[in-house]
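J.: what's the 3D shape of this:
(chains A and B)
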Number of protein chains: 2
Amino acid sequence: MSVTAPLGFRAAGVSAGLKPNGARDVAAVINDGPSRSAAAVFTRNRVKAAPVLWSEQVAEGGRVRAAILNSGGANACTGPPGFQDTHTTAERAGAALDDSPGEVLVCSTGLIGERLAMPELLAGVDSAVATAARDGGLDAADAIRTTDSVAKIAFRRGTADGFGYTVGGMAKGAGMLAPSLATMLSVVTTDADLTPEQCDRVLRAATHRTFERVDSDGCLSTNDTVALMASGASGVTPDEEELTALLTEVCADLTRQLVADAEGASKSVAIEVVGAANEDDAVTVARTVARNALFKCAIYGQDPNWGRVLAAVGTTDATFQPDELNVAINGVWVCRRGAVGDDRSKVDLGPREVTVTVDLSAGSAAATVWTTDLTVEYVHENSAYST
Amino acid sequence: MSVTAPLGFRAAGVSAGLKPNGARDVAAVINDGPSRSAAAVFTRNRVKAAPVLWSEQVAEGGRVRAAILNSGGANACTGPPGFQDTHTTAERAGAALDDSPGEVLVCSTGLIGERLAMPELLAGVDSAVATAARDGGLDAADAIRTTDSVAKIAFRRGTADGFGYTVGGMAKGAGMLAPSLATMLSVVTTDADLTPEQCDRVLRAATHRTFERVDSDGCLSTNDTVALMASGASGVTPDEEELTALLTEVCADLTRQLVADAEGASKSVAIEVVGAANEDDAVTVARTVARNALFKCAIYGQDPNWGRVLAAVGTTDATFQPDELNVAINGVWVCRRGAVGDDRSKVDLGPREVTVTVDLSAGSAAATVWTTDLTVEYVHENSAYST
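T.: Predicted structure coming up:
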């Protein structure tokens, strides 16, 4: 179902020849309305790929007719010619739809520093627009895969005053999971009737606690994009709080799929920080632990090495006293009051799912960041990718 | 020669039984004066090992009679009993020297979260103090090794008004190279006649551009300590600028030895940032690239992947324009103006020494950070260490 679960959307995924292996590599997600409100959030990297620079301008207008996405090339660090390529892509889609290119989002993912094969891409845009259909959601999700082993899709149904509306979405490899391939890309759709301002608010609220809290290797991609497109085709304007909750569920579902399919990872690790003075402190501490190479190696080695957790926490400026820190690994409090706690041999690090809980003993705020372990396979895949 | 190169110092390294393999594990460096001015810099980690908490107080007094160092245990995250162990160690050394325990620095390195074997350590302190001699510098450097494959020592001779003075030093595994073993420890000695304030100034100046610019995996140890002890035995008070230059040379020499012997590394990488608006920007950018997991994997794979360098630079708040960035790898400008530059196949990443130059095109400041690649061996060693 994916992005075509909500009414008003057509999608396609076609093979244009950008990927050497002939797999699908160009996707289109088309909003047939009646509304076309939209919003998007982008990478905070200051080195932004051409499609990000383009799509930021499109998103500012608050209206999106279609999103064109390609794998097989990130179009990042390609200078003015690369930006022209993105512009040309949007114009081609606009022409095929007999609509404004200024309302066409463009997303790209693949290697940095190489120009796209434009004749192939433009033919792919024509083909994707021509074949886009109500049942094309899965093909679109397939076409944006790079090293993703499976397509990632999700949807949820909501109700407002007895009338139904739907949120659907697709995503590919979290940028921070495989960032030089560049990118975490996601398109989320809904047939709720929303203003562009509502789209912006609910998308930021949903991504803030989902996509933005995945951190596999601390590396921020040049291409990350999450877009929300609203068709209004259900005729329903839901309560904003309910919609935010629903959208957050869809984004959280996609986030979990990204972590579960991360390149080279053998563990899905939730870093749960509790007892924080405020949520910012909790996120800072969780992210710092999630990025600590030694901690991540220890998890790979199934070693409940709480000393490495403490050493990571100690590098932050969060509010805490070192001798009041507690750490649990998979529920066993191996560190109490900054020193040895319960018997570490009780910790079972066999399963793929790992939870590390850090209690800062400084308040009542909490946050979770999702990460992976640092494995021999990660190093292999990322040392051999472009050569 | 090491710490005993300057006049007025005795040293020893003995086997006390803290290391299971019976290797040397307790070192003493004793200053016989006539002066005992000293200074020290410590880890910025807020989770500080007991010996750091103790030695910070000693260093504040500006006078150090002796430094006692042990491998085989970091005495970090050991709570009040661990602090008491450090206190007891200093008292035992004070008794053996018939001097004040408040002028005894203590440094420890090894696993976090375990108490030290105190009877063995105290017997080792007695033995090290009793056997300390003018020719004991190399034994002391040997005793502080953990996974270091070789002892690290350096010395330089200086002249002031025709009279000579000497700076000597020893170091072990940079904390950031093997931080859970915790620690980069270094003791540097001189027979120059200095005040405690001079010691503090020259030590901070020298470490600022040497030890503080090594960053192998971004992980900050709980035990890092660099101490300077001055005996005044040469009778010479050198020009402070000249002394700073000499001390910086000794620290830089030790720094290079640390990177060359880093755990699991196959490359010694200098990240050289030029064209920065100021030195802080240059250091920030260099450190951010040095910590980027994907970049480090690429160097391991001998892949001149400049896109990963740009993606890392883009995450900083340094002054630069993305389309004015230039990147050279081993002298080949593979990225010019934020896009493809010279042919990347010209880059030879075969040798161990690698230089990555980032030109921010924003000013005339520069800085270098030394790091290593991210290797399969690093993951192996750090996933299996404590189990």
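
J.: OK, contacts around the residue in the stretch 101-250 of chain A that chain B sits nearest to?
T.: Using Cβ to the nearest Cβ, A:Ile112 is the residue of the stretch 101-250 of chain A that sits closest to chain B, at 3.0 Å. C-betas here are computed from N, CA, C, even on glycine. Neighbouring residues of A:Ile112 by Cβ atoms under 8 Å, 6 or more residues apart in numbering or on different chains: A:Ala49, A:Ala74, A:Ala76, A:Cys77, A:Ser180, A:Ala182, A:Thr222, B:Gly307, B:Arg308, B:Leu310, B:Ala311.

J.: buried residues in the lengthiest helix in chain A, which are they?
T.: For chain A, the helix that runs over the most residues, judged by DSSP state H, is helix A:240-260. Using 16 or more other Cβ atoms under 10 Å in any protein chain shown as the test for burial, helix A:240-260 gives A:243-244, A:246-260.

J.: next secondary structure after it?
T.: Later in the chain than helix A:240-260, the nearest helix or strand by DSSP states H and E is strand A:268-276.

J.: A:Asp239 - how many residues pack around it?
T.: Number of residues near A:Asp239 (other Cβ atoms under 10 Å in any protein chain shown) recorded here: 11.

J.: next one: A:Glu60
T.: Using other Cβ under 10 Å, A:Glu60 is surrounded by 11 other residues.

J.: and A:Arg157, what are its bridge partners?
T.: A:Thr166 (DSSP bridges).

J.: quick one: low-confidence parts of chain A?
T.: Where chain A drops to pLDDT under 70, the residues are A:160-162, A:174-183, A:385-387.

J.: can you map out the helices along it?
T.: A:50-60, A:79-97, A:118-131, A:137-143, A:196-208, A:240-260, A:279-290, A:293-300, A:306-313, A:376-383.

J.: what is the first one packed up against?
T.: Packing partners of helix A:50-60 (3 or more Cβ pairs under 8 Å, 6 or more residues apart in numbering or on different chains; DSSP states H and E): strand A:37-42, helix A:79-97, strand A:104-108, strand A:225-230.

J.: okay if I get the ones you listed as TSV plus distance to chain B and mean neighbour count?
T.: Compiled in TSV, the helices and strands packed on helix A:50-60 are given as follows (distance: least, Cβ to the nearest Cβ, whole Å; neighbours: other Cβ atoms under 10 Å in any protein chain shown):
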stretch	distance to chain B	mean neighbour count
strand A:37-42	12	24
helix A:79-97	4	19
strand A:104-108	13	29
strand A:225-230	15	29
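
J.: turn these into TSV, including distance to B:Val274.
T.: As requested, the helices and strands packed on helix A:50-60 are exported to TSV (distance: least, Cβ to Cβ, whole Å):
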stretch	distance to B:Val274
strand A:37-42	30
helix A:79-97	21
strand A:104-108	31
strand A:225-230	33
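
J.: can you tell which of these is closest to B:Gln321?
T.: Of all these, it is helix A:79-97 that lies closest to B:Gln321, at 12.2 Å by Cβ to Cβ.

J.: what's the burial count for A:Ala367?
T.: Look at A:Ala367: counted by other Cβ under 10 Å, it has 21 neighbours.

J.: show me what it bridges to in the sheet.
T.: Residues in beta-bridge contact with A:Ala367 (DSSP bridges): A:Val273.

J.: give the contact list for it.
T.: Contacts for A:Ala367 (Cβ under 8 Å, 6+ apart) come out as A:Arg209, A:Arg213, A:Glu272, A:Val273, A:Ala276, A:Glu279, A:Ala282, A:Val283, A:Ala286.
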